[in-house]
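Enquirer: sequence-free structure coming up:
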């Protein structure tokens, strides 16, 4: 099962190894990334805010100091050029979330995650494009323009971390850190044919990822985490995802190390209210068949599942409340404190039910979205419809695939599983591997094993 490859450039750990071994200098690595961006980004438009001069000066200073003597244990990304999503604060760089009226916000301090990445040796060469307010499965706004999919410039790379996914897929940088509340890491990975990981809620800090409308208020202190939303990495392989997740994590993560052959899996492809397009169902079923032929136990249904239709309704209500910060909905109704506590109760119940399910199963497999990369449109995907097997399905219905892991706060890794012809284009398709809370490294490892089964 081949899938479209845009780049064969080395990943983050391979780049770091080349620098440690003296085969590449940090300045050469950073310069090569800048050259690739200058060559490729005119069409893709992945980079929103470049920081080339400071990155190159940082690279030269790192070369003068030399690689760490510990073999990269404390700085596993030493010299690796990478990007972060535009919405993360990077000292001295604009952060406007796609709003023209907010381009005057330039934070003086790095987000906590950015500080962690720099401490691990990464060189931040810029920030990548997003949809306005991070609320779409596309990445375009009036400030930075539209990002295109490296596989087909007429299609979206996904959103809201679409600029980062496009940059990784096109070969501009080996890795990126984005955020995810409605599939915003997983869907871009799926649309662009790369790897992405939605972390367990809360394990990676989002301090310094605040809407600039709030952040520029006098006396504002970034001090809280958002419900549902997480920070998660995008990369070209499972090994890079694992290291990026460990770097971002606030506490050490442990992996069980259970081989996939000894695991029991549950595959979910028939979710209420949103059928799968044939372009996604085909590669998904082929992947599940390949796993079965490899001797992996995969069930297709379970009585232990929560009521997924009700979970989806609760997820949408909670997500809309979070993103509106309690402001009235389009209907004019404002969520009350009682409404919010009811949602917290529903979320807690969902978490317990998923815990019980994971007493029987090691992982749950599901598509990241019901469709492949969508054609560009002027309205947000969630304000329109999705073309599923020639029928119009409300855009918000597709969020049920995101909400599977988001509402209960579970980790989920997306890997590329194949490709599919779709309206004349050959586009990549992904699969998400969900696991119990805090089993992030296990999810990534399982996805890595699945990738080896599918692609050798």
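Expert: Everything's here; your move. The structure presented is a predicted model; accordingly, all values stated were derived computationally and were not measured. Residues are numbered from 1 along each chain as shown.
Enquirer: which secondary structure element contains the residue sitting furthest away from the middle of the chain?
Expert: When each C-alpha in the chain is compared with the mean C-alpha position (CA atoms, centre = their mean), residue 64 comes out farthest, at 34.1 Å. Here residue 64 is covered by helix 52-65, with elements defined by DSSP states H and E.
Enquirer: which helix is the longest one in the chain?
Expert: helix 337-360 (DSSP state H).
Enquirer: The very next helix or strand once past that helix packs against which elements?
Expert: For helix 337-360, the following helix or strand on the C-terminal side (DSSP H and E) is strand 363-366. With contacts defined as 3 or more CB pairs under 8 Å, 6 or more residues apart in numbering; DSSP states H and E, strand 363-366 has these neighbours: strand 264-267, helix 400-406, strand 425-434, helix 440-455. From N, CA and C alone the C-beta is placed, and that goes for glycine too.
Enquirer: repeat that for 10 Å
Expert: In this structure, strand 363-366 makes packing contacts with strand 264-267, helix 278-293, strand 297-299, helix 337-360, helix 400-406, strand 412-422, strand 425-434, helix 440-455, judged by 3 or more CB pairs under 10 Å, 6 or more residues apart in numbering; DSSP states H and E.
Enquirer: Quick check: neighbours of it in the sheet, parallel or antiparallel?
Expert: Strand 363-366 has these partner strands in its sheet, going by DSSP bridges: strand 264-267 (parallel), strand 425-434 (antiparallel).
Enquirer: what mean pLDDT would you report for that strand?
Expert: Per-region confidence: strand 363-366 scores 98 on mean pLDDT.
Enquirer: again, but for stretch 315-323
Expert: 94.
Enquirer: Need the contact partners of that stretch.
Expert: Identification of contacts with stretch 315-323 by CB atoms under 10 Å, 6 or more residues apart in numbering yields 133-135, 181-182, 211, 226-229, 308, 327, 329-330, 334-335, 339-340, 342-344, 346-347, 350, 382, 396-397, 399-400, 402-404, 406-408.
Enquirer: Helices of the stretch 101-250 of the chain, start to end?
Expert: Taking DSSP state H, counting those that start in this stretch as the criterion, the stretch 101-250 of the chain carries its helices at 112-119, 162-170, 186-192, 212-215, 238-248.
Enquirer: Between those, which one is closest to residue 288.
Expert: Within those, the stretch nearest residue 288 is helix 186-192; the backing value is 16.2 Å (CB to CB).
Enquirer: what's near enough to touch the residue nearest the centre of the chain?
Expert: In the chain, the C-alpha closest to the average C-alpha coordinate belongs to residue 185, at a distance of 1.7 Å (CA atoms, centre = their mean). The neighbours of residue 185, taking CB under 10 Å, 6+ apart as the test, are 85, 158, 160-161, 164-165, 176-179, 195-199, 230-234, 368, 402, 412-414.
Enquirer: cool, residue 306 as well?
Expert: Applying CB under 10 Å, 6+ apart to residue 306 gives the contacts 314, 346, 349-354, 356-357, 404, 407-408.
Enquirer: pLDDT value on it, please?
Expert: Reading off the model, residue 306 has pLDDT 98.
Enquirer: Could you tell me which ranges of the stretch 251-400 of the chain sit under the pLDDT cut-off?
Expert: Counting by pLDDT under 70, the stretch 251-400 of the chain contains no low-confidence residues.
Enquirer: ok, now with 80
Expert: Counting by pLDDT under 80, the stretch 251-400 of the chain has low-confidence residues at 326, 329-332.
Enquirer: which parts of stretch 269-276 are buried?
Expert: Within stretch 269-276, the residues that qualify as buried are 269, 271, 274, 275, 276, counting by 16 or more other CB atoms under 10 Å.
Enquirer: Would you check which pair of the residues you listed lies furthest apart?
Expert: The widest separation within the buried residues of stretch 269-276, taken as CB to CB, falls between 269 and 274 and amounts to 11.0 Å.
Enquirer: any common contacting residues for these two?
Expert: Common neighbours of residue 269 and residue 274, counting by CB under 10 Å, 6+ apart, are 367, 370, 401.
Enquirer: for the first one, what are its contacts?
Expert: Contacts for residue 367 (CB under 10 Å, 6+ apart) come out as 186, 190, 267-269, 271, 274, 276-277, 280-281, 283-284, 398, 401, 404, 414, 417, 429-432.
Enquirer: redo that, cut-off 7 Å
Expert: When the contact criterion is CB atoms under 7 Å, 6 or more residues apart in numbering, the partners of residue 367 are 269, 276, 280, 284, 401, 431.
Enquirer: Quick check: the second one touching residue 369?
Expert: This means residue 276. No - applying CB atoms under 7 Å as the test, residue 276 and residue 369 come out as separate, 9.3 Å apart.
Enquirer: Quick one: buried ones out of the contacts of stretch 315-323?
Expert: With neighbours counted using 16+ other CB under 10 Å, the contacts of stretch 315-323 contain these buried positions: 133-135, 181-182, 211, 226-229, 308, 335, 340, 343, 346-347, 350, 382, 396-397, 399-400, 402-404, 406-408.
Enquirer: quick revisit: pLDDT (mean, whole number) over the helix or strand that comes right after the helix holding residue 64?
Expert: Moving toward the C-terminus from helix 52-65, the next helix or strand (DSSP H and E) is strand 81-85. Mean pLDDT, strand 81-85: 98.
Enquirer: heads up, I number from 24, so please use that
Expert: That works, and once the first residue is 24, the last one we named lands at strand 104-108.
Enquirer: Please list the residues outside strand 104-108 that contact it.
Expert: Contacting residues not belonging to strand 104-108 are listed as 35, 52-53, 56, 70, 78, 113, 137, 145-151, 153, 184, 187, 190, 196-202 [CB under 7 Å, 6+ apart].
Enquirer: what's the angle from that strand to helix 135-142?
Expert: Here the directions of strand 104-108 and helix 135-142 differ by 180 degrees (axes from the mean of the first three to the mean of the last three CA atoms, to 10 degrees).
Enquirer: ok, back up a step: out of the strands paired with strand 386-389, which is the most enclosed?
Expert: The densest packing among the strands paired with strand 386-389, expressed as mean neighbour count by mean count of other CB atoms under 10 Å, is seen in strand 448-457 with a mean of 26.
Enquirer: Tell me the gap between that one and the middle of its chain.
Expert: Average the C-alpha atoms of strand 448-457, do the same for its chain, and the two points are 13 Å apart (CA atoms, centre = their mean, to the nearest Å).
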